[in-house]
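In: Build the 3D model from these lines:
(one chain, ligands or ions: 2)
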Amino acid sequence: MSAQSPLDPANGSSAEPLRVGVIGARGRMGAEVCRAVEAAGDMEVVAMVDAGDWLFNLADAGAQVAVDFTSPEVVMDNIRFCVDNDIHAVVGTSGFDAQRLGAVSEWLEQKPELGVLIAPNFAIGAVLSMRFAELAARYYESVEVIELHHPRKVDAPSGTAAHTARLISQAREAAGLGPMPDATTQEAPGARGTLVGDVRVHSLRVAGLIAHQEVVFGTEGETLTLRHDSLDRKSFMPGVLLAVRSIARHPGLSVGLDKYMDL
Ligand SMILES: NC(=O)C1=CN([C@@H]2O[C@H](COP(=O)(O)OP(=O)(O)OC[C@H]3O[C@@H](n4cnc5c(N)ncnc54)[C@H](OP(=O)(O)O)[C@@H]3O)[C@@H](O)[C@H]2O)C=CC1
Ligand SMILES: O=C(O)C1=N[C@H](C(=O)O)C[C@H](O)C1
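Out: Ligands and ions are numbered 1, 2, ... in the order given. Below you'll find the predicted structure:
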């Protein structure tokens with residue numbers, strides 16, 4: 001990443017390094033985050049917590065920001081711990097719905113100075129692609145989302161696909177669009193994917209892949225396909241570091257890294 005990138009603002013400050021705790025530190029993403037934070041220069045890893053470890057290690061080590069890449073089953077407990085212990089939380093873990101977001105917002109009412117970021121995807125191309133999809137939604141009568149991931153992923157559809165579909169669905173509703181054309185009356189279970197809002201999402205799990213998504217729009221005589229590919233988990237790191245650097249300036253709950261960017 002070049003020093004000029006808007007995702008990598010020159011820090012220039014001589015302040016003490018930001019104290020970062022990583023939850024899920026031995027996982028695929030957590031390990032990459034530990035390396036990226038250590039390489040960054042303006043922050044340091046003060047606690048690495050994984051399954052079976054004591055979350056209080058974060059507080060004991062004086063972590064100012066925790067980065068969570070764990071699993072949908074445990075992430076709510078981790079956020080609750082961070083809020084209770086005055087630690088900003090940068091959360092990449094998937095599995096959030098309106099109910100979970102509502103719960104986090106309620107916890108934060110007691111801690112108005114604290115920030116929690118839930119980011120379905122930290123890769124810049126994925127963030128842009130979600131925004132582009134939201135913009136395109138009102139111009140097309142049809143749209144479906146296809147997400148493709150490595151087969152070790154535990155959740156389907158992906159958090160990114162669910163968030164993308166929700167944004168599109170909300171934009172369609174705001175534009176007053178009616179139901180999408182679809183003559184299907186006979187369907188093998190799963191053949192038409194799952195519905196998020198009024199948008200169908202299809203999940204592929206294929207060895208060799210990392211994280212990929214296509215949003216296919218269509219209307220009379222034309223289609224538009226937005227495709228993003230993460231070919232390496234390093235693609236998520238500039239976004240994670242941006243979030244760690246920015247979260248103290250964004251109190252409350254933010255959903256999506258775009259909230260920290262000038263989009
Ligand atoms: N927002 C984004 O840009 C991205 C989000 N993700 C999301 O991040 C999450 C993690 O993905 P990935 O790194 O591939 O998964 P991994 O399974 O590789 O890593 C998760 C790690 O968390 C550990 N863990 C489980 N329970 C706890 C707990 N209670 N406390 C601390 N650690 C725990 C796991 O340990 P054990 O294996 O022993 O259970 C494992 O080491 C997923 O939800 C994924 O969808 C992934 C990539 C990018
Ligand atoms: O599990 C993954 O790998 C990923 N998970 C996130 C998601 O569920 O959207 C982000 C990215 O797609 C990689």
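In: give me the element I168 is part of.
Out: Using DSSP states H and E, I168 maps to helix 159-174.
In: Which pLDDT value belongs to M1?
Out: Listed pLDDT for M1 reads 46.
In: Strands along the stretch 51-200 of the chain, start to end?
Out: Ranges of strands in the stretch 51-200 of the chain, per DSSP state E, counting those that start in this stretch, are 65-68, 88-91, 115-118, 142-149, 194-196, 199-205.
In: Just put these in CSV and tack on mean neighbour count, mean pLDDT and distance to T219.
Out: Any C-beta I mention is one placed from the backbone N, CA and C, and that applies to glycine too. CSV is the format used below for these (neighbours: other C-beta atoms under 10 Å; pLDDT from 0 to 100; distance: least, C-beta to C-beta, whole Å):
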stretch, mean neighbour count, mean pLDDT, distance to T219
strand 65-68, 28, 98, 40
strand 88-91, 28, 98, 36
strand 115-118, 26, 98, 32
strand 142-149, 22, 99, 7
strand 194-196, 15, 98, 20
strand 199-205, 18, 98, 15
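In: right, and those strands - which one's nearest ligand 2?
Out: Ligand 2 sits nearest to strand 142-149 of all the strands of the stretch 51-200 of the chain, at 5.5 Å, using C-beta to the nearest ligand atom.
In: Name the residues that touch the closest one?
Out: With contact meaning C-beta atoms under 8 Å, 6 or more residues apart in numbering, strand 142-149 is reached by 133, 137, 157-158, 160-161, 164-165, 168, 172, 180-181, 193, 196, 199-206, 209-219.
In: What remains of the residues you listed if I keep only buried residues?
Out: By neighbour count, with 16 or more other C-beta atoms under 10 Å, the contacts of strand 142-149 hold 133, 137, 157-158, 160-161, 164-165, 168, 172, 193, 196, 199-203, 209-218 as buried.
In: export the helix holding I168 as PDB, just CAs?
Out: This file holds the C-alpha atoms of helix 159-174, laid out as PDB (Å, rounded to 0.1, in the frame of the first residue of the first chain):
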ATOM      1  CA  GLY A 159     -21.900 -11.300   6.000                       C
ATOM      2  CA  THR A 160     -20.900  -9.300   3.000                       C
ATOM      3  CA  ALA A 161     -23.600 -10.900   0.800                       C
ATOM      4  CA  ALA A 162     -26.200 -10.400   3.500                       C
ATOM      5  CA  HIS A 163     -25.300  -6.700   3.900                       C
ATOM      6  CA  THR A 164     -25.100  -6.100   0.200                       C
ATOM      7  CA  ALA A 165     -28.500  -7.700  -0.300                       C
ATOM      8  CA  ARG A 166     -30.000  -5.600   2.600                       C
ATOM      9  CA  LEU A 167     -28.700  -2.400   1.100                       C
ATOM     10  CA  ILE A 168     -30.100  -3.300  -2.400                       C
ATOM     11  CA  SER A 169     -33.400  -4.300  -0.900                       C
ATOM     12  CA  GLN A 170     -33.700  -1.000   1.100                       C
ATOM     13  CA  ALA A 171     -32.800   1.000  -2.100                       C
ATOM     14  CA  ARG A 172     -35.400  -0.900  -4.100                       C
ATOM     15  CA  GLU A 173     -38.100  -0.300  -1.500                       C
ATOM     16  CA  ALA A 174     -37.200   3.400  -1.300                       C
END
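In: helices and strands around it, which ones?
Out: Helices and strands touching helix 159-174, by 3 or more C-beta pairs under 8 Å, 6 or more residues apart in numbering; DSSP states H and E, are helix 124-136, strand 142-149, strand 194-196, strand 199-205, strand 211-219.
In: which outside residues touch it?
Out: 93-97, 120-121, 126, 129-130, 133-135, 137-138, 143, 145, 147, 157, 196-199, 201, 203, 211, 213, 215, 255-256.
In: can we see that at 7 Å?
Out: 94-96, 120-121, 126, 130, 133-134, 137-138, 143, 145, 147, 196-199, 201, 213, 215 (C-beta atoms under 7 Å, 6 or more residues apart in numbering).
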